[in-house]
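Chemist: predicted structure and sequence below. I'll ask about it afterward.
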Amino acid sequence: MEAVIVNGHTVRALTIAGSDSGGGAGIQADLKTMHQFGVYGMSVVTAVTAQNTLGVQGVHELDAEFVQMQMDSVLDDIGTDAAKTGMLANESIIHAVVDGLEKHAVPYLVVDPVMVAKGGAPLISPEAIDALRERLVPRADVITPNIPEASVLCGHPLETWDEYHRAAEQLAKAGAQTVVIKGGHMSPFQSTSTPWGRNIIDPVSVDIVFCNGDYTYFLTKRIDTRKTHGTGCTYSAAITSMLARGYSVLDAIAVAKAFIFQAIEGAKDWDVGQGHGPTDHFANVPLGSSVEPGGAYLCDGLPWVRLDQ
Ligand SMILES: Nc1ncnc2c1ncn2[C@@H]1O[C@H](COP(=O)(O)OP(=O)(O)O)[C@@H](O)[C@H]1O
Ligand SMILES: Cc1ncc(COP(=O)(O)O)c(N)n1
């Protein structure tokens, strides 16, 4: 992959997240993904985890001042076309990150409100949730909660299609421009009766996107695998890379969703680790998708197919 040049400059993206020593999630997933998208990746590390596919063995949080120093180092000199946040660990780091974002020019911000690792280890302190909700959500161009994260941000459990939609609207009201409610944790059975009025027999993974008052649904086949370590990180890094390259939000999400589908599929038979294995960051970047707001799209191979409403 070559570096992408847009309007004469090298496209850059920044991740503000935790390090995953196992290489499947966090900073490592983000930088691998950005590289695969032809984007020059940079990192601000918030915490270092001792982690592998079996779980998180330890967490070392960095001082908020040092997080701020990294942001100044990167953004005073290099600058970025888009940034994403991942694991932010605690309240002081959230304040430092938001202060840094207010100080520097960051054209697009993707917030992946990381809370708990796939193995169950907490990646943010409970006291930090209010700061996340009050200071970071309103700054998000795109926010990408999974179902448990959306439940925590909204303050109640989410189990039905209707509740997923109300949660997206609540986060939009709180200031997030585009809300992506990710489908990895939805029950596959909910996919049999859908908001767009057509039944799906095979299990699918649906991401609900709420943007400018329209709902757009992105569906792929649900892959039967437990190797989903870092799916959320990889997906949000792909969206960030596409925004940095100048794509519209919906086209960015469409490409990112097709990429994460192929990344999960591609690593199904990998033998990396004994637990929740990583995704295939070498997956193809399927550019060329163009979607209209307000429809339901199925990625059945490529490109996207619009389902009748
Ligand atoms: N088994 C699966 N098959 C297909 N897509 C999946 C599967 N699991 C997750 N995804 C997709 O991966 C992306 C990340 O979702 P999710 O796993 O919910 O995030 P997180 O890692 O934050 O929990 C979403 O686009 C989701 O639809
Ligand atoms: C440093 C870090 N950041 C994020 C995740 C979440 O990824 P996942 O939910 O797939 O375990 C993680 N496990 N580690």
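Modeler: Thanks, I have the structure now. Ligands and ions are numbered 1, 2, ... in the order given.
Chemist: next up, the contacts around the residue in the stretch 51-200 of the chain that ligand 1 sits nearest to.
Modeler: Closest to ligand 1 within the stretch 51-200 of the chain is residue 184: 2.3 Å, counting by C-beta to the nearest ligand atom. Glycine gets a C-beta too; all of them are placed from N, C-alpha and C. By C-beta atoms under 8 Å, 6 or more residues apart in numbering, residue 184 lies in contact with 146, 147, 205, 228, 231, 232.
Chemist: give me the pLDDT value at the residue nearest to residue 158 when sequence neighbours are not counted.
Modeler: Distances taken as C-beta to C-beta, 6 or more residues apart in numbering place residue 151 nearest to residue 158, at 4.8 Å, with adjacent residues excluded. The model reports residue 151 with a pLDDT of 95.
Chemist: equivalent analysis for residue 203, please.
Modeler: In this model, residue 203 carries a pLDDT of 83.
Chemist: about what we covered before: which strand or helix spans the residue of the stretch 51-200 of the chain closest to ligand 1?
Modeler: For residue 184, there is no host helix or strand (DSSP states H and E).
Chemist: from residue 244, how far off is it?
Modeler: 24 Å (C-beta to C-beta, to the nearest Å).
Chemist: ok, and what's touching whichever strand or helix holds residue 97?
Modeler: Per DSSP H and E, residue 97 falls inside helix 91-103. Outside helix 91-103, the residues that touch it by C-beta under 8 Å, 6+ apart are 16, 44, 46-47, 61-62, 64-65, 67-68, 71-72, 75, 83, 85, 88, 109, 125, 127-128, 130-132, 135-136, 139.
Chemist: filter those down to the buried ones.
Modeler: Buried residues within the contacts of helix 91-103, defined by neighbour count using 16 or more other C-beta atoms under 10 Å: 16, 44, 46-47, 61-62, 64, 67-68, 71, 75, 83, 85, 88, 109, 125, 128, 131-132, 135-136, 139.
Chemist: out of those residues, name the ones that lie in helices.
Modeler: Assigned to helices by DSSP state H, the following of the buried ones among the contacts of helix 91-103 qualify: 64, 67, 68, 71, 75, 131.
Chemist: what are the ranges of the helices in the stretch 151-300 of the chain?
Modeler: Here the stretch 151-300 of the chain has its helices, by DSSP state H, counting those that start in this stretch, at 161-173, 231-244, 249-266.
Chemist: off-centre distance for the shortest one?
Modeler: Translated: helix 161-173. In terms of C-alpha atoms, centre = their mean, to the nearest Å, the centre of helix 161-173 is found 18 Å from the chain centre.
Chemist: fine, thanks again, bye for now.
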